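A.B. asks: What follows is a predicted protein model with its sequence.
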Amino acid sequence: MESQALFGRYNIKNVIGRGGMGTVFLAFDKQTNKNVAIKKVDLQKRSRKAVLNEPTILKNVNHKNIIQIYDIYESSQSIFMVMDYIEGYSLRDGLAEHKKFNEKLVINWASQLCEALEYLHNLEPCPIIYRDIKPSNILVDKNNKVTLIDFGIACEYRPENMDTEKVALTRGFCSPEQLADRIFDNRSDIYSLGVTMYYLISGVSPTEDSFKLRPIRDVCPEISPELEYIITKATMIDTNERYQCVEDLRYDFINIDRIKRQLRYFVFKQIATYVFFALAYLFFVSMIIIGGLRIKSDAVLFGETLVHEAQLNIAGKNYLEAYRGFNGAIEINNLSIEAYEGIYKYFYETANFIDGINYIRLRLALFENHPDLAELSNLYLGKFYIKEGNCREALKYLQTAYEIDSQNDDILVNLTLAHLKNDALSSANVFFQTLIDKDYDKYQLSYLYGIYSEEILEKPNDAIDYYGNVINNSADNALKAEAYISTAQIYKKNLDIWSNGQELYLTTLEEAISFFGESYKSFEIFKLIASEYKEKANTATGQEKIECLQKALDNYYKLFDLKEDELNLYIDVAYIYQEMARSKDNIADYNLAIQILLDATQKYPQSFLAHYHLTVMAFEQEFFKEDVGARDFRVANDYFYKAKTLVKTETDAQWIVGLDNHIKNTLGTQ
């Protein structure tokens with residue numbers, strides 16, 4: 001088969017895998033000079049729609065532990081998918097050779113799989129549930145890096161439609177709820193990962209007829225107590241008793257020594273109890289009762305301590321530690337309303353509204369039988385959607401919260417706000433009147449009157465007066481911050497009334513920063529200010545342009561100081577340095593742009609955008625040099641070839657072709 005050329009590009013070397021649905025070949029790509037894997041699926045065995053599910057899912061996926069698909073070809077009989085060739089072995093083949101693996105390896109592999117699942121489960125707008133974790137779908141290379149392959153039955157998770165279509169689920173590895181009720185969510189993947197760990201560590205396959213998921217210590221006595229705890233929790237039949245999200249599972253892997261200490265503590269208490277039992281039966285009975293209450297009391301106290309420390313960390317702007325603290329409290333009590341409220345506030349106060357939406361949506365099913373948590377979660381979903389400008393979606397969740405508690409003032413306020421922003425005056429009036437009848441805070445009502453004046457009456461001057469009343473008189477800093485932001489946005493949206501609206505917009509936001517300092521609203525306000533100065537620089541010239549760019553930079557770096565590190569932030573900062581380089585004729589600013597993009601590629605190593613923009617900047621830096629002989633494009637070319645390997649979508653490919661043509665045309669003119 002060495003001489004066979006597929007589609008005029010791929011030299012087929014040999015078959016590296018066969019299955020019920022097709023064959024996988026090792027091939028050499030003559031265009032990129034590297035090996036690839038080509039999966040051929042016969043359309044006689046599966047429908048075209050079913051076959052294309054895998055590339056459809058993977059086209060928008062970009063993660064170091066997930067297989068990449070580069071191209072798709074179709075014939076009348078088959079579909080061919082060109083993908084990464086991973087030089088290694090599947091865990092199924094590894095088990096056939098080694099029988100089982102040591103704990104260190106299993107924990108390493110499982111931690112990497114957690115990262116891949118965490119990425120999939122938090123995709124926006126729709127999370128992806130993999131549904132087919134098993135050893136044959138996990139490849140391991142010589143560096144023990146794992147890659148998740150075969151997304152044939154993966155699908156988007158939509159809470160409104162969780163029924164599983166009829167697909168070939170793998171018995172033993174598939175979660176019980178999928179087999180019994182044909183429903184699934186992110187916890188189904190956690191179960192499958194737990195069973196896979198069980199198999200890897202014990203060598204006992206869940207596909208054996210006698211396998212009943214016995215306690216793992218029965219089949220693997222040498223397992224450590226902490227890994228036993230993790231696997232047992234991941235494979236609970238009741239979904240509510242499992243890890244509720246893969247982040248919590250990965251947290252336990254990272255902090256496995258903490259589990260070890262906790263287990264030693266409880267074992268010590270057990271031994272002490274048995275000693276007392278040997279001394280006196282009656283005393284033993286009383287100690288069991290007292291000890292049980294004490295353990296529960298200690299756990300509750302520890303959880304409350306974690307919540308308190310996390311709240312202090314938020315106050316001190318140590319957001320990562322705060323998030324971990326709240327998660328630790330949830331691990332002790334996965335129905336802790338204080339801990340969930342802390343996490344929701346963390347997302348709200350750091351302006352990570354999309355992350356907040358994803359976090360809650362993945363957990364809503366857990367709270368169905370817990371009204372307080374359901375109310376809190378639906379309320380915050382509504383708040384997050386209002387912030388994202390999707391008031392129609394916000395109303396759906398706020399209405400659910402209202403049905404649980406029609407007297408909650410926060411729910412009434414946000415229902416009024418969402419209806420006003422959705423131009424539904426009659427509906428807004430129902431909730432607004434309820435607040436008035438309750439003699440609710442007059443400044444909150446003044447803020448709502450501002451929204452009413454702005455959105456319904458289209459009287460921006462009246463709205464500013466209402467917001468000004470809040471800013472000047474309210475003692476509620478969160479409400480004052482919203483009034484500042486709303487006032488600023490009015491100026492910007494009504495340039496026909498305020499010709500200097502852009503300056504008023506910035507002045508108002510900067511006044512807010514001056515008033516609040518670097519408090520929680522700083523995330524949102526710094527983003528707005530930085531974006532506005534960047535926009536203002538587009539129309540400015542000379543020294544004014546440089547000053548606008550510098551002010552944009554100052555505000556972006558405030559976000560870095562506040563631990564904000566999203567990819568777009570790196571890219572925005574890099575292009576501000578680029579504009580400064582052009583405006584000041586200073587190549588040193590190109591160096592700064594490239595450094596910030598190098599930081600982005602370190603933070604997001606599998607991101608096409610990070611590497612693409614790094615390539616653009618590196619080439620432009622060389623073109624900037626007046627001395628043609630001093631130009632050296634070797635490093636830029638290295639970045640370019642790396643970006644090409646990360647192309648996943650048609651848009652990515654178009655960008656690469658456009659950049660390639662631009663580079664060739666520019667170099668050709670020199």
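C.D. replies: Yes, it's here.
A.B. asks: quick one: Arg249 and Ile231 touch, right?
C.D. replies: Check again: residue 249 is Leu, not Arg. No - contact criterion CB atoms under 8 Å: Leu249 and Ile231 do not qualify, at 10.3 Å. Backbone N, C-alpha and C define where each C-beta goes, glycine included.
A.B. asks: For the host helix or strand of Leu379, list every residue counted as buried.
C.D. replies: Here Leu379 is covered by helix 371-387, with elements defined by DSSP states H and E. By 16 or more other CB atoms under 10 Å, the buried positions in helix 371-387 come out as 373-387.
A.B. asks: Check which helices and strands that helix is in contact with.
C.D. replies: Taking 3 or more CB pairs under 8 Å, 6 or more residues apart in numbering; DSSP states H and E as contact, the helices and strands that helix 371-387 lies on are helix 337-349, helix 353-361, helix 391-404, helix 409-421.
A.B. asks: Need the pLDDT of Glu524.
C.D. replies: Glu524 is assigned a pLDDT of 81 by the prediction.
A.B. asks: Now do the same contact list for it.
C.D. replies: Shown in contact with Glu524 (CB atoms under 8 Å, 6 or more residues apart in numbering): 351, 485.
A.B. asks: what about it, distance to Ala478?
C.D. replies: According to CB to CB, to the nearest Å, Glu524 and Ala478 sit 11 Å apart.
A.B. asks: returning to that earlier point: who's in contact with the helix holding Leu379?
C.D. replies: For helix 371-387, contacts defined as CB under 8 Å, 6+ apart pick out 335, 337, 340-341, 344, 347-348, 351, 353-354, 356-357, 360-361, 363-364, 366-368, 391, 393-395, 397-398, 400-401, 404-405, 408, 410-411, 414-415, 417-418, 421.
A.B. asks: What helices and strands are in contact with whichever strand or helix holds Leu609?
C.D. replies: According to DSSP H and E, Leu609 maps onto helix 608-624. Helices and strands touching helix 608-624, as assessed by 3+ CB pairs under 8 Å, 6+ apart, comprise helix 567-584, helix 587-603, helix 634-645, helix 650-668.
A.B. asks: a markdown table for those helices, including distance to Ile456?
C.D. replies: Shown next, in a markdown table, are the helices and strands packed on helix 608-624 (distance: least, CB to CB, whole Å):
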| stretch | distance to Ile456 |
| --- | --- |
| helix 567-584 | 33 |
| helix 587-603 | 43 |
| helix 634-645 | 49 |
| helix 650-668 | 39 |
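A.B. asks: Any idea which of those helices has the lowest pLDDT on average?
C.D. replies: Among those, helix 650-668 scores lowest, with a mean of 80.
A.B. asks: who's in contact with it?
C.D. replies: So helix 650-668 is contacted by 608, 612, 615-616, 619, 623, 633, 640, 643-644, 646-647 (CB under 8 Å, 6+ apart).
A.B. asks: before we move on, the earlier item: can you tell me what sits against the helix holding Leu609?
C.D. replies: Contacts for helix 608-624 (CB under 8 Å, 6+ apart): 62, 567, 570-571, 574-575, 578, 581, 587, 590-591, 593-594, 597-598, 600-601, 603-604, 631-633, 635-636, 639-640, 642-643, 646-648, 652, 655-656, 659, 663, 666.
A.B. asks: Ok, stretch 427-447 next?
C.D. replies: 409, 412-413, 415-416, 419-420, 448, 452, 466-467, 469-470, 473-474, 476, 479, 482-483, 486.
A.B. asks: cutoff 6 Å now
C.D. replies: With CB atoms under 6 Å, 6 or more residues apart in numbering as the test, stretch 427-447 has contacts from 412, 415-416, 419-420, 466, 469-470, 474, 483.
A.B. asks: pLDDT averaged over stretch 614-633 - what is it?
C.D. replies: On average, the pLDDT along stretch 614-633 is 86.
A.B. asks: Stretch 431-446 too?
C.D. replies: Confidence for stretch 431-446, expressed as mean pLDDT, is 87.
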